[in-house]
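[1] after the sequence you'll find the predicted model.
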Amino acid sequence: MAPSISIIVPVFNEADSLLELYGEIRAALPPDTSWELIFVDDGSTDESASILRNLAQNDERISLLSFYKNFGKADALDEGFKRASNDIIITMDGDLQDDPREIPNLLGKLDEGWDMVSGWKKQRHDPLSKRLPSKVWNVMTQILTGLKLHDFNCGLKAYKAKVTRDMELYGGLHRYIPALAKQKGFTVTEIPVNHRARRHGQTKYHTARFFHGFFDLLTVTFLGKYLSRPLHFFGSIGLVLTLAGLGICGWLTVGWFAGHWIGGRPIFFLGVLLLIVGVQFFSLGLLGEMVIKTGRRSVQRVRSSKPEK
């Protein structure tokens, strides 16, 4: 039995690409496949919204979600995930650089038992100014997340529906969907996919996004490793600072017994400062643990209060 597929396409000012993309998607899907196509117009200022409305009127399998302003790709995907109703979810960009003919290959990889399959733009047709930062960023993401993928931010991905139901995207977290899926216990892999040069419109990539992506990466790393145990994070920093402060103060104390006055020495104030900040980090970690534990107890009370059927 062929799986039912939901295809989600975020769109921002891609009017010249949409009709061609729609035709390619239809041609790439097997005739016996049950599918829906969800376009998410992320506040386009060109004719994208009008074109998509016409497509939705002529094909009942097309749904259109429209934002009143540009919120970003993460929010567009998040809304698309909420609207998708089928067994398999496919995501791709609306600029024709992602090739819809790769959809059967993604589905075949899912059939091997993987929960998520990410595309790998092995032969990438983008300028060096875009490829080089992306390569650096992918290496950093591998190191910090422990997930060995070549291309985290390829728009072409396939998911089993259970993955997207458990996904909450905002800001720039769409770049780290494979890492988020891995943190939640899902199996993730990648396959090389055909990547095409942009023929219409302008790239949405800007240098500032590289720095934004770095901060988002820190967010993903922290939430994945320390959300349920904040004391491990803040306590580690507090321990290092406290030990450094104790070492400085201990050394100064030995010198004081040897007759060296320490009251006006800058290093004395540094040692005291490290002790104070170290204790504050410990306190912050303990407060985080208390918040997490209190939240879990509240959830347990709510669950236990539900009447039995």
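    Noted; the coordinates are in hand. Numbering: from 1, shown residues only.
[2] contacts and neighbour counts: CA atoms only from here.
    Fine.
[3] and the strands in the stretch 151-300 of the chain, which stretches?
    If DSSP state E, counting those that start in this stretch is used as the criterion, the strands of the stretch 151-300 of the chain fall at 157-160, 188-192.
[4] quick one: low-confidence ranges for the stretch 1-150 of the chain?
    Counting by pLDDT under 70, the stretch 1-150 of the chain has low-confidence residues at 1.
[5] how close does His260 get to Leu223?
    47 Å (C-alpha to C-alpha, to the nearest Å).
[6] which of the two has more residues huddled nearby?
    Counted by other C-alpha atoms under 10 Å, His260 and Leu223 do not tie: Leu223 has more neighbours, with 15 against 11.
[7] can you pull the contacts of the more buried one?
    By C-alpha atoms under 8 Å, 6 or more residues apart in numbering, the contact set of Leu223 is empty.
[8] circling back to that earlier point, compare the strands of the stretch 151-300 of the chain and report which one is nearest to Val136.
    Taking C-alpha to C-alpha, strand 188-192 is the member of the strands of the stretch 151-300 of the chain nearest to Val136, at 18.4 Å.
[9] for the closest one, packing partners?
    In terms of contacts (3 or more C-alpha pairs under 8 Å, 6 or more residues apart in numbering; DSSP states H and E), strand 188-192 is packed against strand 116-120, helix 177-183.
[10] contacts for the longest one?
    Residues from elsewhere that reach helix 177-183 (C-alpha under 8 Å, 6+ apart): Met116, Ser118, Thr145, Leu147, Phe152, Val163, Met167, Thr187, Val188, Val220, Gly224.
[11] going through the residues you listed, which ones are buried?
    The neighbour count (16 or more other C-alpha atoms under 10 Å) marks Met116, Ser118, Thr145, Leu147, Phe152, Val163, Val188, Val220, Gly224 as buried among these.
[12] which SS class is the fourth one?
    Reducing the assignment at Leu147 to three states with DSSP: H, G, I helix; E, B strand; the rest coil gives coil.
[13] once you drop chain neighbours, what's closest to it?
    Distances taken as C-alpha to C-alpha, 6 or more residues apart in numbering place Ala179 nearest to Leu147, at 6.6 Å, with adjacent residues excluded.
[14] for the helices and strands packed on strand 188-192, which one sits closest to Thr141?
    Closest to Thr141 of the helices and strands packed on strand 188-192, according to C-alpha to C-alpha: helix 177-183, at 8.5 Å.
[15] show me what counts as buried in the host helix or strand of Glu36.
    Here Glu36 sits within strand 35-41, counting by DSSP states H and E. By 16+ other C-alpha under 10 Å, the buried positions in strand 35-41 come out as Trp35, Glu36, Leu37, Ile38, Phe39, Val40, Asp41.
[16] what residues are up against the last one?
    In this structure, Asp41 makes contact with Pro10, Val11, Phe12, Ser48, Ala49, Leu64, Leu65, Ser66, Phe67, Ala76, judged by C-alpha under 8 Å, 6+ apart.
[17] give me that answer again for 10 Å
    Residues in contact with Asp41 (C-alpha atoms under 10 Å, 6 or more residues apart in numbering) are 9-14, 48-49, 52, 64-71, 73, 76, 94.
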